Structures are given as structure tokens and as C-alpha cells.
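Build me a model:
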Amino acid sequence: MSDLARKRRRVEVELPDEAFDFHAWQPDQIAAELRQLWLLEQVRQRRLGHGKAAELAGLSRAGFLLLMGRHGISPFDYDPHELGAELA
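Alright, predicted model coming up:
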């Protein structure tokens, strides 16, 4: 068993029933989506690199980059000053 498979934490999230009025109740799909969204936020806040986040999400790096694009997250880790200096 790999280290990744052994070391896990379970997080329980309660959602109101009305949250599922427009979305079918599929716990596995919702758990995967919440996991991806949490990992995307870690990347957005620069707490985690997108390569590691892809691994933790169980996606290919390309798949995670596409997911980042759909959520408006750039894979380039430059602040505006760094980018200006790089392009100058």
C-alpha cells in the first residue's frame, strides 16, 4: 500500500437538503468535486503547487491544469511585479 493510500483524513461536511434540489444526490461525485475545489483553493492561495494538487486529486497534470483554467486559476506563479520584470 502506498503512503498516499495509507495517510488520509476524513472531513465531514453537512449540506442542507435544498442544496440538492438542482443536483442529484451522488455522494461519491460530490466528495470528488469538493476535494478538487479544496485543492484548487490551496493552489490559488499558493499553499500547494499544481503538480502536487493534481496528484492528490487523482488527476493527470494536464487534467488539473484544465480544471484550473475552468476556475480562472493561472498555472503561472508570478505576481504582477515579477511578471513585469520577466517581460522587460
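
which residues of the protein score low on pLDDT?
Residues of the chain that meet the criterion pLDDT under 70 lie in 1-6.

how about the strands of it, start to end?
Listed in chain order, the strands found in the chain under DSSP state E amount to none.

show me where it has helices.
3-6, 27-44, 50-57, 61-70, 80-87 (DSSP state H).

and the angle for the second one with helix 50-57?
Here the directions of helix 27-44 and helix 50-57 differ by 160 degrees (axes from the mean of the first three to the mean of the last three C-alpha atoms, to 10 degrees).

if we can go back for a sec, can you say which of the helices of the chain is packed in most?
Ranked by mean neighbour count, the helices of the chain are led by helix 50-57 with a mean of 18 (mean count of other C-beta atoms under 10 Å). Backbone N, C-alpha and C define where each C-beta goes, glycine included.

Mind listing residues that contact that helix?
4, 35-36, 39-40, 42-43, 48, 60-61, 63-65, 67-68, 75 (C-beta atoms under 8 Å, 6 or more residues apart in numbering).

ok, for residue 63, nearest residue in space, not its chain neighbours?
In space, not counting the residues next to it along the chain, residue 63 is nearest to residue 54; the distance is 6.9 Å by C-beta to C-beta, 6 or more residues apart in numbering.

let me redo that: residue 35
Counting by C-beta to C-beta, 6+ apart, the residue nearest residue 35 is residue 57, at 6.4 Å.
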